[in-house]
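Peer 1: Sharing a model that was predicted from the sequence below.
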Amino acid sequence: MVSRYEYQGGVWIDLERPTSEEVRTVLEEYAISERIGSELLSPSPSPIVANDAETAFVVLHFPAPRGQEELETKNQEVDFIVGRQCIITVRYELVASLHHLKKLLETEAVLMGSAAVTTDVLLELLFSHLYAAIRDHLHGAAAHLTQLEKHMFSGRERTTVLGISDLNRDFLHLEAALANHEEVLARFLKGLQERKFFPVSFAERASRIAGERTHVAHLARTYRAVAAELRETNMALLETRQNDIMKTLTIITVVVLPLELISFIFAMHMPGTPLEHDPIAFWKVLAAMLVACFVTVLYLMRKRWI
């Protein structure tokens, strides 16, 4: 599907799940080299940057939020071809941030006519929306992490283990994806500046685009560190609780052991067993067991074990 948005002095062409015919038509219309065009026919597994005399090309993979049934955070590929008076984006699935921006621009065009934007301004808007979507996802995950922290300190350490580990993995994936952008995006923006496609003011826009990536990468790194610390804290709380349980079980064993020994001795029914013919033997044995229990507990308390 091909969508066109015309702005001041140029056009944005958005290709979603393009066919080979649609790609070929766009290549011929804007005289894009076959080398770049061949990359548009199918998704690329890794970031790519390439430039020629009239266009700059970059392939980036943006992490997208997982659905409820998805186990892994997926990456959505967006290909950018930028010329002096055109921007071509190619995506192989719905990218929510670009779809939202396209609807905003279409609404603005209907209400106000042609918007007073240029190619360099629109390029900054595209990257801003893409990185803003990642930032919103990070803030949402951080809010979930705050809820898990509350659960962790309210005695539900066992139920938060999986949630914290899952978020930590999510942050790690986001950080890795954004790290892959750094070098490729820098080369792409440098190529645009060297070819002087845009006014001198584009240097500031390029700096802001790179700054957006740096900011969300810093957020991902910070939140991952927080998640890692919470996971360690959660494990420490679990170990403390398990130690308390083991301590309680050990105390019960220590208290009950003398009682079992006394009851076993007087239950042997052998000739000469003490109190075998005493009519109140049961009460005497019971009293001895209570005394032994009291002495054991008193000993443990004096040792500050309980």
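Peer 2: Looks like it arrived, so ask away.
Peer 1: Can you list the low-confidence ranges for the stretch 201-306 of the chain?
Peer 2: For the stretch 201-306 of the chain, applying pLDDT under 70 flags the ranges 270, 272-273, 275-276.
Peer 1: Can you show me the helices along it?
Peer 2: 202-265, 281-302 (DSSP state H, counting those that start in this stretch).
Peer 1: Reformat those helices as CSV; add distance to residue 18.
Peer 2: Placement of C-beta: from N, CA and C, glycine included. CSV is the format used below for the helices of the stretch 201-306 of the chain (distance: least, CB to CB, whole Å):
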stretch, distance to residue 18
helix 202-265, 25
helix 281-302, 76
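Peer 1: what's the most buried one of those helices?
Peer 2: The highest average neighbour count among the helices of the stretch 201-306 of the chain, using mean count of other CB atoms under 10 Å, belongs to helix 202-265 at a mean of 15.
Peer 1: Report the angle between that helix and helix 281-302.
Peer 2: The directions of helix 202-265 and helix 281-302 differ by 150 degrees, with axes from the mean of the first three to the mean of the last three CA atoms, to 10 degrees as the criterion.
Peer 1: name the helices or strands packed onto helix 202-265?
Peer 2: Helix 202-265 is packed against helix 119-152, helix 157-194, helix 281-302, with contacts defined by 3 or more CB pairs under 8 Å, 6 or more residues apart in numbering; DSSP states H and E.
Peer 1: Dump the ones you listed into JSON lines; add distance to residue 43 as well.
Peer 2: As requested, the helices and strands packed on helix 202-265 are arranged in JSON lines below (distance: least, CB to CB, whole Å):
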{"stretch": "helix 119-152", "distance to residue 43": "17"}
{"stretch": "helix 157-194", "distance to residue 43": "15"}
{"stretch": "helix 281-302", "distance to residue 43": "67"}
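Peer 1: right, so of the ones you listed, which gets closest to residue 57?
Peer 2: For residue 57, the closest of these is helix 157-194, at 8.0 Å, according to CB to CB.
Peer 1: what angle separates that closest one from helix 119-152?
Peer 2: Taking the same axes, to 10 degrees, helix 157-194 and helix 119-152 form an angle of 170 degrees between their directions.
Peer 1: buried residues in helix 157-194?
Peer 2: Across helix 157-194, burial judged by 16 or more other CB atoms under 10 Å covers 157, 160-161, 163-164, 166-168, 170-175, 177-178, 181, 184-185, 187-189, 191-192.
Peer 1: So for the protein, which residue is the most central one in space?
Peer 2: Among the residues of the chain, the one closest to the centroid is residue 170, at 2.3 Å (CA atoms, centre = their mean).
Peer 1: quick one: it from residue 176, how far?
Peer 2: Relative to residue 176, residue 170 is positioned 11 Å away (CB to CB, to the nearest Å).
Peer 1: With residue 196 instead?
Peer 2: The separation that residue 196 has from residue 176, given CB to CB, amounts to 34 Å.
Peer 1: same deal with residue 42?
Peer 2: Between residue 42 and residue 176 the computed distance is 23 Å (CB to CB).
Peer 1: one step back: compare the helices and strands packed on helix 202-265 and report which one is nearest to residue 97.
Peer 2: Proximity to residue 97 (CB to CB) singles out helix 119-152 among the helices and strands packed on helix 202-265, at 3.8 Å.
Peer 1: Please identify the buried residues of that closest one?
Peer 2: Per 16+ other CB under 10 Å, helix 119-152 contains these buried residues: 119-131, 133-134, 137-138, 141-142, 145, 148-149, 151-152.
Peer 1: Kindly report the same for stretch 46-59.
Peer 2: For stretch 46-59, a neighbour-count test (16+ other CB under 10 Å) marks 47, 49, 50, 51, 55, 56, 57, 58, 59 as buried.
Peer 1: Average pLDDT for that stretch, rounded please.
Peer 2: This predicted structure assigns stretch 46-59 an average pLDDT of 81.
Peer 1: Begin at 882 from now on, thanks
Peer 2: All set: I'll call the first residue 882, so the last point we hit is now stretch 927-940.
Peer 1: could I have it exported to CSV, CA atoms only?
Peer 2: Output in CSV follows, covering the C-alpha atoms of stretch 927-940 (Å, rounded to 0.1, in the frame of the first residue of the first chain):
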residue,chain,number,x,y,z
SER,A,927,20.5,-5.9,10.3
PRO,A,928,20.9,-2.1,10.0
ILE,A,929,22.2,-0.7,6.7
VAL,A,930,23.3,2.7,5.6
ALA,A,931,24.0,3.6,2.0
ASN,A,932,24.3,6.9,0.1
ASP,A,933,24.5,8.0,-3.5
ALA,A,934,24.6,11.3,-5.2
GLU,A,935,20.9,12.2,-4.8
THR,A,936,19.6,10.1,-1.9
ALA,A,937,20.6,8.7,1.5
PHE,A,938,19.3,5.3,2.6
VAL,A,939,19.2,3.8,6.1
VAL,A,940,17.5,0.7,7.5
